[in-house]
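Novice: One predicted model, sequence on top.
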Amino acid sequence: MSVTSAVARLRAHPALLPGLVGFLGVTSLVYVALSDPNEAGHYPTCPWLALTGTYCPGCGSLRMLHAFTHGQFAHGFGLNPLGAIVFAWAAVEYVRWTWSSLTGRGYVPWPRHRYWVWGLVAVIPVYWVLRNLPFAAALAP
């Protein structure tokens with residue numbers, strides 16, 4: 001037996017990394033489902049909220065995920081609409097990544113065009129400012 005054939009046999013399955021990421025994601029969601037973020041003492045306070053008294057783009061995300069794990073999708077979406085959209089997009093991309101790893105096809109992330117990334121970079125600060133303004137109170141958690 002040559003060294004290269006021994007190394008080839010030790011090479012990890014292509015779905016190992018998506019499996020590990022999925023395990024960590026499900027474990028985290030189970031923890032959030034069992035530890036209510038609405039009760040004090042389970043999670044630290046948002047440092048941005050504690051320092052400035054305003055909401056950051058992530059404020060409400062734990063409560064959103066907690067609501068999602070309990071089937072309260074409309075309530076969760078109301079806590080952080082941008083976070084809900086990003087979470088749904090990440091879930092779809094995770095399924096695509098896992099499927100391409102299992103089938104041996106190359107994974108091509110969506111969106112592939114760089115303007116989508118720049119668009120997201122532009123949307124986050126606008127969302128951050130809007131959710132702290134009185135006329136856009138519906139965006140606040």
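Specialist: Nice, thanks for sending it over. Remember, predicted model here, so these are calculated numbers, not experimental data. Numbering: from 1, shown residues only.

Novice: just so I have it, where are all the helices in this structure?
Specialist: 3-10, 16-34, 47-52, 61-69, 73-79, 81-103, 114-130 (DSSP state H).

Novice: Keeping just the C-alphas, turn the last one into CSV.
Specialist: Output for helix 114-130, consisting of C-alpha atoms alone and laid out as CSV, is shown next (Å, rounded to 0.1, in the frame of the first residue of the first chain):
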residue,chain,number,x,y,z
ARG,A,114,-20.9,41.2,-6.6
TYR,A,115,-23.6,43.9,-6.7
TRP,A,116,-25.8,41.8,-4.4
VAL,A,117,-23.0,41.9,-1.8
TRP,A,118,-22.7,45.7,-2.2
GLY,A,119,-26.5,46.0,-2.1
LEU,A,120,-26.6,44.1,1.3
VAL,A,121,-23.7,46.3,2.6
ALA,A,122,-25.9,49.3,1.7
VAL,A,123,-29.1,47.9,3.1
ILE,A,124,-27.8,47.1,6.5
PRO,A,125,-26.9,50.6,7.6
VAL,A,126,-30.1,52.0,6.1
TYR,A,127,-32.1,49.4,8.1
TRP,A,128,-30.0,50.2,11.2
VAL,A,129,-31.0,53.9,11.0
LEU,A,130,-34.6,53.3,10.0
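
Novice: for it, the distance to its chain's centre please.
Specialist: Distance of helix 114-130 from its chain centroid, counting by Cα atoms, centre = their mean, to the nearest Å, is 16 Å.

Novice: same deal with stretch 130-141?
Specialist: Relative to the chain's own centre, stretch 130-141 is displaced by 22 Å; criterion: Cα atoms, centre = their mean.

Novice: same question, stretch 46-57
Specialist: The chain centroid and the centroid of stretch 46-57 are separated by 19 Å, computed with Cα atoms, centre = their mean.
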